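Asker: With the input below, show me the fold.
(one chain, ligands or ions: 1)
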Amino acid sequence: MSETEQKPTVPAQASAPAAENLPAGREPLLEVDHVTLRFGGVVALNDVDFTLYKGEILGLIGPNGAGKTTCFNAMTGIYQPTEGEIRFRGQRITGKKRHQITQMGMARTFQNIRLFPEMTALENVQVGADAHHKTSVVSALFRLPRHWREERDGIEKAERLLDFVGIRHRMHETARNLSYGEQRRLEIARALATDPVLLCLDEPAAGFNPAEKEDLLQLIRQIRDQGVTVLLIEHDMRLVMGVTDRLVVLEFGKKIAEGLPAEVREDHRVIAAYLGVPDDAA
Ligand SMILES: Nc1ncnc2c1ncn2[C@@H]1O[C@H](COP(=O)(O)OP(=O)(O)OP(=O)(O)O)[C@@H](O)[C@H]1O
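Answerer: Residues are numbered from 1 along each chain as shown. Sure, this is the predicted structure:
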């Protein structure tokens, strides 16, 4: 990416902080405040409590069924907590609609890729950019100048984002014809098109080979360096340990550990959770 016009369209914010400064003195961006979420008899989240600070890359990890995706879904308005609340940029988002949360600056990707398969890569990203368009139905119908301007800006922005994630050369290809890795990158570009301050990535490396994982690690760092805070759910421990500033660990819906990756890796409860051995034997 060149330094000038190729710069991605992500919000201009203060430059990324040094990881070692986290979290002391940092500004909270997202607060998950004693959240419990039940599905009938299943307690998917049990009094989960953590804060995500502006500018960090936080990993949310845990064995299968630990509650990670449920936590993302509660944050992004898909599920409502049974108890507790979630605050984003100081505002309570519990009860808000998904599009309202997107407009507040939170974007996400999904564990199972959700693109518009018959649309081109460019069009998929434009859909994300449309979240902020101000054109009324009338000005779109009558093709007023404002509509053209927004459409042109949307295309330019989509091209820059495709360049940023490394698939600009595929912009006119339909999403269904992209490789799996390209589709995952396209999802990230589409999420960035909504100008998020927080990007939530749900298992972005699933199905990747080691080289693709290394590229993804670089991309996540670049996203953070553009001022976007990142919340990452990921099973690949090498990627998690290599890219995150801090980790929150869930098991059976409960937070069992939180801290720097090096600390969490040594935590006996985390080792027990991953190895499936009794707590006192770990
Ligand atoms: N819509 C739902 N209805 C009922 N139970 C659900 C629902 N969604 C999740 N669960 C249950 O909540 C628990 C947590 O699931 P969740 O998908 O959040 O875990 P996860 O940590 O993301 O797992 P994985 O790593 O396998 O994706 C599981 O027991 C799951 O079966």
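Asker: pLDDT (mean, whole number) over the host helix or strand of residue 215?
Answerer: Assigned by DSSP states H and E, residue 215 belongs to helix 210-225. Helix 210-225 carries an average pLDDT of 94.
Asker: Are we agreed that residue 66 is in a helix?
Answerer: No. Under DSSP: H, G, I helix; E, B strand; the rest coil, residue 66 falls outside any helix and is assigned coil.
Asker: Okay, and the closest residue to it other than its chain neighbours sits in which element?
Answerer: Excluding its sequence neighbours, the residue lying closest to residue 66 (C-beta to C-beta, 6 or more residues apart in numbering) is residue 250, at 4.1 Å. From N, CA and C alone the C-beta is placed, and that goes for glycine too. Taking DSSP H and E as the definition, residue 250 sits inside strand 246-251.
Asker: Can you tell me the strand partners of that strand and which way each runs?
Answerer: Strand 246-251 has the following strand partners under DSSP bridges: strand 57-61 (parallel), strand 254-259 (antiparallel).
Asker: and the shortest one, C-alpha only, in PDB?
Answerer: What follows is strand 57-61 as a C-alpha-only set of coordinates in PDB (Å, rounded to 0.1, in the frame of the first residue of the first chain):
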ATOM      1  CA  ILE A  57      -6.300  -6.000  20.500                       C
ATOM      2  CA  LEU A  58      -8.200  -8.200  23.000                       C
ATOM      3  CA  GLY A  59      -8.500 -11.900  22.500                       C
ATOM      4  CA  LEU A  60     -11.600 -13.800  23.700                       C
ATOM      5  CA  ILE A  61     -10.700 -17.400  23.900                       C
END
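Asker: Pull the distance from it to the chain's centre.
Answerer: Taking C-alpha atoms, centre = their mean, to the nearest Å, one finds strand 57-61 lying 10 Å from the centre of the chain it belongs to.
Asker: Next SSE downstream of it?
Answerer: Counting by DSSP H and E, what follows strand 57-61 is helix 68-75.
Asker: that older thread, so what secondary structure elements neighbour the helix holding residue 215?
Answerer: Packing partners of helix 210-225 (3 or more C-beta pairs under 8 Å, 6 or more residues apart in numbering; DSSP states H and E): strand 57-61, helix 180-192, strand 229-233, helix 237-243.
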